[in-house]
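Undergrad: Predicted model and sequence below, questions to follow.
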Amino acid sequence: VQLQASGGGLVQAGGSLRLSCAASGGTRSTDAIGWFRQAPGKEREFVAAIGWSGGIYYADLVKGRFDISSARNTVYLRMNSLTPEDTGVYFCAAGPVIGGTEAMYNYWGQGTQVTVSS
């Protein structure tokens, strides 16, 4: 499974961005796509996940601000009301089941940088 994340960039606080994760090659072997992020000097953390066959799961930090959706083999992460604390590299990952831990995901994309200025 290959994952291509895109859509990152520089945005002012309060702004929005939409990230995309295009999945290809054997996607039938996975049922979930998750988004994780890693801020400078911090560990990677879970953001949101969606199952191809259903189910959505958000981290508490982003509930009400982020929206995850899917269409064909692409998963989107719409991020609203961004704050500087949302700055980091955002990774998408694929795994057999939906969940909020890195160990549940077998395949990882290269990451896309999101920078929120104050």
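TA: Arrived safely. If you're wondering where the values come from, they're calculated on a predicted model, not measured in any experiment.
Undergrad: what's the distance between the most centrally placed residue in the chain and Gln110?
TA: Note on the chain: the residue nearest the mean C-alpha position is Trp35, at 2.4 Å, using Cα atoms, centre = their mean. Counting by Cβ to Cβ, to the nearest Å, the separation of Trp35 from Gln110 is 13 Å. Bear in mind the C-beta positions are built from the backbone N, C-alpha and C, glycine included.
Undergrad: now do Glu43
TA: Here the criterion is Cβ to Cβ. By it, Glu43 lies 18 Å from Gln110.
Undergrad: Have a look at the two and say which one is more surrounded.
TA: Gln110 (12 against 8; other Cβ atoms under 10 Å).
Undergrad: Now name the helix or strand holding the residue nearest to the centre of the chain.
TA: When secondary structure is defined using DSSP states H and E, the element that contains Trp35 is strand 32-38.
Undergrad: Tell me how far that strand lies from the chain's centre.
TA: For strand 32-38, the distance from its own C-alpha centre to the chain's C-alpha centre is 4 Å (Cα atoms, centre = their mean, to the nearest Å).
Undergrad: ok, now stretch 16-34?
TA: On the basis of Cα atoms, centre = their mean, the separation between the geometric centre of stretch 16-34 and that of its chain is 9 Å.
Undergrad: Could I get the buried residue list for that stretch?
TA: Taking 16 or more other Cβ atoms under 10 Å as the neighbour-count basis, stretch 16-34 is seen to contain the buried residues Leu17, Leu19, Ser20, Cys21, Ala23, Thr27, Thr30, Asp31, Ala32, Ile33, Gly34.
Undergrad: From these, which one has the minimum pLDDT?
TA: Ranked by pLDDT, the buried residues of stretch 16-34 bottom out at Thr27, which has 61.
Undergrad: picking that back up, pick the one among the buried residues of stretch 16-34 closest to Tyr90.
TA: Minimum separation from Tyr90 among the buried residues of stretch 16-34 (Cβ to Cβ) is found for Leu19, which lies at 5.7 Å.
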